[in-house]
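Chemist: coordinates only, no sequence provided:
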C-alpha cells in the first residue's frame, strides 16, 4: 500500500482532497521534525471557535469573551487530539483557525493539528468557507450574539460537511430570547415570564433587562421597577422579573440520529452580585437538587426543539422549595465542558460522533473551575457520586 508522508503545519494549507481515503497511522522523526504517515481511511475535522479564529468583528465583545473562548478551544483540542481514532475506526487530522491579533497560537505542540492563521474578519470569512469545503466534519463554537452562531452553522450546513452542531433553525430559535420564551410557554416548560419594553411589564420589585439576542451575560442589568424607563432602554431588549434562587446549568450530549440523550452532572454557576450576572465559573456536581425534575425538563426541551444535536447546555434557576425554571438553552459547547472533562478519565470527545451511542461515564472528581479554564479537583464523596447521572 502506498504511504504518503505529510507534516502537519501551515505549509499543508493545500489540503488533500481525497481525505476519505486516507488516514494518519504513525509518526516519524525526519531531520529532527515530527512527520506523519498517512495511509487508508481518515477524517479531517475542523474545530472552529469564532473569537479565537478571527471572525468576531466586534473586538469589545471578543475581549470580554476571549478567556472563555480560549478555555473551550484548548479543552476540545486536547480531547480530540488524544482521541486520534474516531468511533467508526477512522483517524483524525484536526484543522483550526487562529487570529494573529491575539498573539502567537498556543496550539503549536499538537502534532495532528494544522493551524490556519487569520489577520482580519474578512479573511476569517473566506478561510472559514474554504476549510469547510476541505473537511469531512466540523464543530463550531461561537456566541449567539447578532445571529453569529446561526450564520456560521448555516454555512456549515450548506457546505456539505458533516456537522457536529445543532441545526441552524434550532440555533436561531434558542438565540432569540423572546421567541424562545414563547416557545417554552407553548410547550408547557416552566420559564421566566418575558416581554419587550413595548409590552406590559412583569409585576416585580426588580427587573432584569437583557439583550434579546445575546451571550455571555453581556448587557444584562438589574434595576428597580420604579426606576425603569422605556426611553432609556436600547432596541431589541427583553424584560424579565428578577427570579432569586440557585443558578445552575446542565450539559447534555444528544444524538439526533438515535435519540440517545446523555445528561452530565448538574453544575452550580458562580455569577457576580453586581446586578450584571457576570459569569465567574462554577462547581460540579450540585447536591440537594431534584435531578429527576431536571431530567424531565431536559427531555421536554429535546422533544420540543427540533434540530438539537451534539453538545448543548441549559441554564436554569432553582428557587427555594421550587421546580427548576429554565432560563436559556445554549445550543453549542459551553464553558462547563472545561469542568466536565476534569471529572472523568473518559474522553468526552467520543460523544460528539453520531456513531456513538449513550455512554456510561465514570465520574471521579468534584471540580471547581474558572472561565479561563483553571481547575481544582478532589475525589467525589459517596453523596456526590449519587448526584451524578449514570
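Modeler: It's in. These figures come from a predicted structure and were not determined experimentally. Numbers count the residues shown, from 1 in each chain.

Chemist: specify the beta-bridge partners of residue 118.
Modeler: Per DSSP bridges, the residues bridged to residue 118 are residue 99.

Chemist: how close does it sit to residue 261?
Modeler: 36 Å (Cβ to Cβ, to the nearest Å). Using the backbone N, CA and C atoms, a C-beta is placed for each residue, glycine as well.

Chemist: gap between residue 329 and residue 301?
Modeler: Residue 329 is 6 Å from residue 301, by Cβ to Cβ.

Chemist: give me the common contacts of those two.
Modeler: 308, 314 (Cβ atoms under 8 Å, 6 or more residues apart in numbering).

Chemist: how long is stretch 366-385 end to end?
Modeler: Counting by Cα to Cα, to the nearest Å, you get 9 Å between the two ends of stretch 366-385.

Chemist: buried stuff in that stretch?
Modeler: Across stretch 366-385, burial judged by 16 or more other Cβ atoms under 10 Å covers 366, 367, 368, 369, 370, 371, 373, 375, 380, 384.

Chemist: more crowded one of residue 329 and residue 301?
Modeler: Of the pair residue 329 and residue 301, residue 329 is the one with more neighbours under other Cβ atoms under 10 Å, namely 26 against 22.

Chemist: that one contacts residue 183, correct?
Modeler: No - checked against Cβ atoms under 8 Å, the pair residue 329 and residue 183 is beyond contact range at 10.1 Å.

Chemist: hey, what's in contact with both of the two?
Modeler: residue 305.

Chemist: what are the ranges of the helices in this protein?
Modeler: Secondary structure of the chain (DSSP state H): helices at 59-83, 121-133, 148-159, 168-175, 177-186, 291-304, 336-341, 382-386.

Chemist: how about those in a markdown table, adding mean pLDDT?
Modeler: Shown next, in a markdown table, are the helices of the chain (pLDDT from 0 to 100):
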| stretch | mean pLDDT |
| --- | --- |
| helix 59-83 | 84 |
| helix 121-133 | 95 |
| helix 148-159 | 96 |
| helix 168-175 | 96 |
| helix 177-186 | 95 |
| helix 291-304 | 96 |
| helix 336-341 | 97 |
| helix 382-386 | 91 |
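
Chemist: how about those helices in JSON lines, adding distance to residue 207?
Modeler: Output for the helices of the chain, formatted as JSON lines (distance: least, Cβ to Cβ, whole Å):
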{"stretch": "helix 59-83", "distance to residue 207": "23"}
{"stretch": "helix 121-133", "distance to residue 207": "35"}
{"stretch": "helix 148-159", "distance to residue 207": "27"}
{"stretch": "helix 168-175", "distance to residue 207": "22"}
{"stretch": "helix 177-186", "distance to residue 207": "14"}
{"stretch": "helix 291-304", "distance to residue 207": "24"}
{"stretch": "helix 336-341", "distance to residue 207": "27"}
{"stretch": "helix 382-386", "distance to residue 207": "36"}
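
Chemist: tell me which of these lies nearest to residue 283.
Modeler: helix 336-341 (7.7 Å; Cβ to Cβ).

Chemist: give me the contacts around the closest one.
Modeler: Residues from elsewhere that reach helix 336-341 (Cβ under 8 Å, 6+ apart): 71-72, 75-76, 79, 249, 251, 264-265, 267, 282-284, 311, 313, 348, 367-369, 373, 375.

Chemist: how close does the closest residue to residue 313 other than its chain neighbours get to residue 274?
Modeler: In this structure, residue 313 finds its nearest non-sequential neighbour in residue 334, 3.7 Å apart by Cβ to Cβ, 6 or more residues apart in numbering. Separation of residue 334 from residue 274 (Cβ to Cβ) stands at 22 Å.

Chemist: which of the two has more neighbours?
Modeler: The neighbour comparison of residue 334 against residue 274 (other Cβ under 10 Å) goes to residue 334, with 23 against 8.

Chemist: now do the contacts for that one.
Modeler: 72, 249, 251, 311, 312, 313.

Chemist: among those, which one has the most neighbours?
Modeler: In those, the most neighbours by other Cβ under 10 Å go to residue 311, 28 neighbours.

Chemist: show me the protein divided up by domain.
Modeler: 4-165, 173-188+244-386, 206-241 (automatic domain parsing).

Chemist: just give me how far the second one sits from the chain centre.
Modeler: On the basis of Cα atoms, centre = their mean, to the nearest Å, domain 173-188+244-386 sits 11 Å off its chain's mean C-alpha point.

Chemist: hmm, back to that, nearest to residue 200, of the domains of the chain?
Modeler: Each of the domains of the chain has some distance to residue 200 by Cβ to Cβ; the shortest is domain 206-241, at 9.8 Å.
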